[in-house]
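Q: Got a predicted structure plus its sequence, pasted below:
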Amino acid sequence: MKKDFLHITDFSRDEIISFLENSKKIKSKLYNREQFYPFKDMTLAMIFAKPSARTRISFETGFYRLGGHALYLGPNDIGIGKRESVADIARVVGRFNDVIMARLFNHQDIIDLAKFSRVPVINGLTAFNHPCQIMADLFTIYEKIGRYEDFKIAYIGDGNNIVHSWLKLSTRLKFQLNIATPEGYEPDSGAISEAISVRTSDIELFNNPFEAVKGADIVYTDVWASMGQKEEADHRKRIFERYQVNQELMNATENHNTLFMHCLPAERGVEVTDEVCDSPNSVIFQQAENRMHAQNAIMLMVCDKI
């Protein structure tokens, strides 16, 4: 049966734990330049309605280094849902390729792409969630603190697709998730209700970022205005001003070992300061690198190659 990766909950708890070990093994193989080519004679179609440097580089380089060939299809190559229906694109692209990754605006489009594709589909990001990023984040946390549960993470900023994926992960693994947003910028209420109802993790919502970060093992932020919201950027800067992750906020964790995470790209001086980005506690570039290793593990799992 075809396996897709559209939401973190498409993987069971056991599969997520296996994913972490697989990511570790694959990263080691690449570092040691071992001959490991499970994707030999395979092709990956990368559909981008929404451009991204990290997503393209990590998927394309990762698939190539494991023996395959990745094909970039940008917004001008495929007008997904515009020049052609999502269903027809899925049916055609799936006949040429072994796996599809898509980075899209509309979340329903990734669901429809998977529904009509004969090959596995991986969600490279939608406006609703970003599962590959959070799997890379989890792998980074596992590398840094040696565990994948029983940590406290404080997310500060906009209740966006990053938060939605952390909420999904909280239904599979046990940890404390504190979310601090301005009033009116909270995550999707359905995503919050689902996470709380499962009762695997402890979820708390705050308007005060200083309260949210107390005792945190990780402080996480993202841009305040995502792609498609840039016209709101100046307005959001005023609303989110006190949610900037600076050294004062990091000190409020009362934990000298608190890690700082950001999915990048960062608007330095806006949602986070240079001082925090470049501090010894920052793991943002390890996060970025781990996108490739995590996604390699995800692709191997959905393609039944590991």
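A: Perfect, thanks for sending it.
Q: And the residue most central in space within the chain, how close does it get to residue 282?
A: The centroid of the chain falls nearest to residue 133 when counting by C-alpha atoms, centre = their mean (1.8 Å). Using C-beta to C-beta, to the nearest Å, we find residue 133 at a distance of 17 Å from residue 282. In short, each C-beta sits where N, CA and C put it, glycine included.
Q: try residue 64
A: Residue 64 is 29 Å from residue 282, where distance means C-beta to C-beta.
Q: and these two? which has more neighbours close in?
A: Set residue 64 next to residue 282 and count neighbours by other C-beta atoms under 10 Å: residue 282 wins out with 18 against 13.
Q: Find the residue ranges of the stretch 201-306 of the chain scoring beneath the pLDDT cut-off.
A: For the stretch 201-306 of the chain, the stretches flagged by pLDDT under 70 are 227-230.
Q: ok, 90 please
A: Scanning the stretch 201-306 of the chain for pLDDT under 90 picks out 225-234, 306.
Q: which stretches of it form helices?
A: For the stretch 201-306 of the chain, the helices defined by DSSP state H, counting those that start in this stretch cover 209-212, 233-240, 247-251, 274-277, 284-302.
Q: which residues sit against the second one?
A: Spelled out, that is helix 233-240. Here helix 233-240 makes contact (C-beta atoms under 8 Å, 6 or more residues apart in numbering) with 157, 158, 182, 185, 224, 225, 229, 270, 271.
Q: 7 Å instead?
A: 157, 182, 224, 225, 270 (C-beta atoms under 7 Å, 6 or more residues apart in numbering).
Q: Quick check: the gap between the last one and residue 219.
A: By that I understand residue 270. With the distance defined as C-beta to C-beta, residue 270 ends up 16 Å from residue 219.
Q: Compare neighbour counts for those two and give me the winner.
A: Using other C-beta under 10 Å, the more surrounded residue of residue 270 and residue 219 is residue 219, with 29 against 17.
Q: I figured the more buried one was touching residue 155, is that so?
A: No. Residue 219 lies out of contact with residue 155 (C-beta atoms under 7 Å); the separation is 8.2 Å.
Q: From one end of stretch 278-291 to the other, what's the distance?
A: Terminal residues of stretch 278-291 are spaced 20 Å apart (C-alpha to C-alpha, to the nearest Å).
Q: Low-confidence regions, the stretch 51-200 of the chain specifically.
A: Scanning the stretch 51-200 of the chain for pLDDT under 90 picks out 51, 75-76, 78-84.
Q: the strands in it, which residues?
A: 69-73, 99-103, 121-125, 152-156, 176-180 (DSSP state E, counting those that start in this stretch).
Q: Mind listing the strands the second one pairs with, and their directions?
A: Yep, that's strand 99-103 we're talking about. Strand pairing for strand 99-103, using DSSP bridges, gives strand 43-48 (parallel), strand 121-125 (parallel).
Q: Check what contacts the shortest one and list those residues.
A: So the one you mean is strand 121-125. 4-6, 50, 55, 59, 99-103, 110, 113-114, 129, 131-132, 161, 298-299, 302.
Q: Kindly report the domain assignment for the chain.
A: Annotated domains of the chain cover 8-130+288-302, 133-285 [automatic domain parsing].
Q: re the thing from before, reformat the strands of the stretch 51-200 of the chain as a markdown table; add distance to residue 286 and mean neighbour count.
A: Formatted as a markdown table, the strands of the stretch 51-200 of the chain follow (distance: least, C-beta to C-beta, whole Å; neighbours: other C-beta atoms under 10 Å):
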| stretch | distance to residue 286 | mean neighbour count |
| --- | --- | --- |
| strand 69-73 | 23 | 16 |
| strand 99-103 | 22 | 26 |
| strand 121-125 | 20 | 27 |
| strand 152-156 | 16 | 25 |
| strand 176-180 | 21 | 22 |
